[in-house]
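[1] Provided below for reference: sequence and predicted model.
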Amino acid sequence: MDERLQKALDVSNYMFTLNNQKRLLKEKYKENLVYYFNGGQFTITQELVSFCQSLLSMEQETTILVDDNDLPIEIEDLKMFTSDLYTKYFEASNQYLVEYNKLKQNRSVESILDL
Amino acid sequence: MSKGVLLFASNNSHINYVKQAYFLAKRISKYMSLPTSVVTDVDIKEKYPDWYEVFDHVIPVTSMSSAYNNKSYHDGSLAKRVLSFNNGNRGCAYDLTPYDETLVMDTDYIISNDILNQCFAQQKDLLLYKDAVHLGQYDGTTEFKKISDTSVDFYWATVFFFRKTYLTKIFFDLVNHIKENYLHYRSVYQFSSTVYRNDFAFSIAIHIMNGYTKGTFANPLPGKKFYSIDRDILLEINDDEFTLLVEKPNHLGEYIGTKVKGSNVHIMNKFSLERVINDQ
């Protein structure tokens, strides 16, 4: 095989593998960003966190939020709920960052897969 | 309320589903701290002397052979066998489970985290996955979105949660009715395969229970359902880390390696799963 083509195909395989691992990391991150509370399921978004923070700044202590499945969920302790959102968000984002940085340092298919 | 996991295991001439159930039950105990019961037509108590350390209940049934289908089992892209497949008892989960709240799983759904424990806190009495993520880039859009191009939404019966209620009893009775009249529902719901699929029966039953439309009779299970198809090959499971070869889309027999850690994964290639279990 032409050496130029062989090198390009090696890169092609590497990019395919890398992009697939990136996609799986992103899916895992999205899974980790879900917070289960009081029978409800909340995907942690910057919008949700900001809204809860706004309610707290208006000295609200309780609220009702509609979850991912359109169920109304009573939040009896808004301060604790918001704190949990932050914790979960930082944990998931940190894990994503660490694993992403580890992944992007790898320069071959073998190192991506720890072979 | 009692809670636990229910597995169904009926061996065929090449695949040892009981061994898979034994492997999975240990992982369920390790990662989810839940008891597991198994419905089987195999004499587990004789073949596995330590069964009581792994299973909460062994529920013997004699009728599993009545529901045998034949289907192709791939072992990667280039090898396959046509084997019998008993999958017809899933609708009996309501009557067979010893628990008030039950997670039912295929024996090839490999648990690696505790996210499904969140089921027991959910308000809905029936939960199952509608969407799933392939570990490669298999475009199963048609196959896993609708039960056919002109039909209803697809739900995975690989893993589901239910509470014993009046409504879920009606649901499971309906699944059994659909199974018994499968060719009729095949015509009504416009799919071509004559092989009985739990996924299809559950999807049809949910559609009917929703008033013949989309609705909220069933909600999604917590977490994501990751899966590999039987054309992919599982190489290794090291604690909660899976290493696989997944086939490149539209390139028959060409693979890329992939790794996933801390996720529950549905491994459809039963042969490679059995090889990995044997190596453990």
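    Nice, thanks for sending it over. Numbering: from 1, shown residues only, chains lettered A, B, ... in the order given.

[2] drop to CA atoms for contacts and neighbour counts, all remaining ones
    Noted.

[3] helix or strand for B:Thr168, which one?
    helix B:166-180 (DSSP states H and E).

[4] Just the CA trace of that helix, in PDB.
    Once non-C-alpha atoms are left out, helix B:166-180 reads as follows in PDB (Å, rounded to 0.1, in the frame of the first residue of the first chain):
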ATOM      1  CA  TYR B 166     -54.100  -3.200  39.500                       C
ATOM      2  CA  LEU B 167     -53.000  -1.400  36.400                       C
ATOM      3  CA  THR B 168     -49.700  -3.200  36.000                       C
ATOM      4  CA  LYS B 169     -51.600  -6.500  36.300                       C
ATOM      5  CA  ILE B 170     -53.800  -5.500  33.400                       C
ATOM      6  CA  PHE B 171     -50.600  -4.600  31.500                       C
ATOM      7  CA  PHE B 172     -48.900  -7.900  31.900                       C
ATOM      8  CA  ASP B 173     -52.100  -9.800  31.100                       C
ATOM      9  CA  LEU B 174     -52.300  -7.700  27.900                       C
ATOM     10  CA  VAL B 175     -48.700  -8.700  27.100                       C
ATOM     11  CA  ASN B 176     -49.600 -12.300  27.400                       C
ATOM     12  CA  HIS B 177     -52.700 -11.800  25.200                       C
ATOM     13  CA  ILE B 178     -50.500 -10.200  22.600                       C
ATOM     14  CA  LYS B 179     -48.100 -13.100  22.700                       C
ATOM     15  CA  GLU B 180     -50.900 -15.600  22.200                       C
END
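
[5] What is that helix packed up against?
    helix B:93-96, helix B:198-209 (3 or more CA pairs under 8 Å, 6 or more residues apart in numbering or on different chains; DSSP states H and E).

[6] got the angle for the last one vs helix B:166-180?
    Same thing as helix B:198-209. Comparing the axes of helix B:198-209 and helix B:166-180 via axes from the mean of the first three to the mean of the last three CA atoms, to 10 degrees yields an angle of 130 degrees.

[7] Point to the residue nearest the middle of chain A.
    Centroid-nearest residue in chain A: A:Tyr29, 2.7 Å away (criterion: CA atoms, centre = their mean).

[8] Please report how far whichever residue of the stretch 151-280 of chain B sits closest to chain A lies from B:Lys47.
    The stretch 151-280 of chain B approaches chain A most closely through B:Gly223 (5.6 Å), counting by CA to the nearest CA. Distance from B:Gly223 to B:Lys47, counting by CA to CA, to the nearest Å: 35 Å.

[9] next one: B:Met105
    B:Met105 is 22 Å from B:Lys47, by CA to CA.

[10] Of the two, give the one with the bigger neighbour count.
    Neighbours per residue, other CA atoms under 10 Å in any protein chain shown: of B:Met105 and B:Lys47, the larger number sits with B:Met105, 22 against 10.

[11] Please enumerate the strands of chain A.
    Ranges of strands within chain A are A:34-37, A:40-43, A:63-66, A:72-75, based on DSSP state E.

[12] Export the ones you listed to JSON lines and append columns for mean neighbour count, distance to chain B and mean pLDDT.
    Converted to JSON lines, these look like this (neighbours: other CA atoms under 10 Å in any protein chain shown; distance: least, CA to the nearest CA, whole Å; pLDDT from 0 to 100):
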{"stretch": "strand A:34-37", "mean neighbour count": "18", "distance to chain B": "7", "mean pLDDT": "96"}
{"stretch": "strand A:40-43", "mean neighbour count": "19", "distance to chain B": "6", "mean pLDDT": "96"}
{"stretch": "strand A:63-66", "mean neighbour count": "14", "distance to chain B": "13", "mean pLDDT": "97"}
{"stretch": "strand A:72-75", "mean neighbour count": "16", "distance to chain B": "10", "mean pLDDT": "96"}
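
[13] Return the distance of stretch B:257-268 from the chain's centre.
    15 Å (CA atoms, centre = their mean, to the nearest Å).

[14] can you pull the buried residues of it?
    B:Gly257, B:Thr258, B:Lys259, B:Val260, B:Lys261, B:Ser263, B:Asn264, B:Val265, B:His266, B:Ile267, B:Met268 (16 or more other CA atoms under 10 Å in any protein chain shown).

[15] Would you mind listing what in chain A touches chain B?
    Residues of chain A lying close to chain B (CA under 8 Å from any CA of the partner chain) are A:13, A:16-17, A:20-21, A:24, A:28, A:31, A:34, A:36, A:38-40, A:69, A:109, A:113.

[16] ChimeraX command for the buried members of those?
    The ChimeraX command for the buried members of the residues of chain A next to chain B (criterion: 16+ other CA under 10 Å) is given here:
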select /A:13,16,17,20,21,24,28,31,34,36,39,40,109,113
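
[17] which of the residues of chain A next to chain B sit farthest apart?
    Spanning the widest gap among those are A:Asn13 and A:Asn38, at 45.4 Å by CA to CA.

[18] before we move on, back to that, and chain A, which of the buried residues of stretch B:257-268 reach it?
    Among the buried residues of stretch B:257-268, the ones lying near chain A by CA under 8 Å from any CA are B:Gly257, B:Thr258, B:Lys259, B:Val260, B:Ser263.
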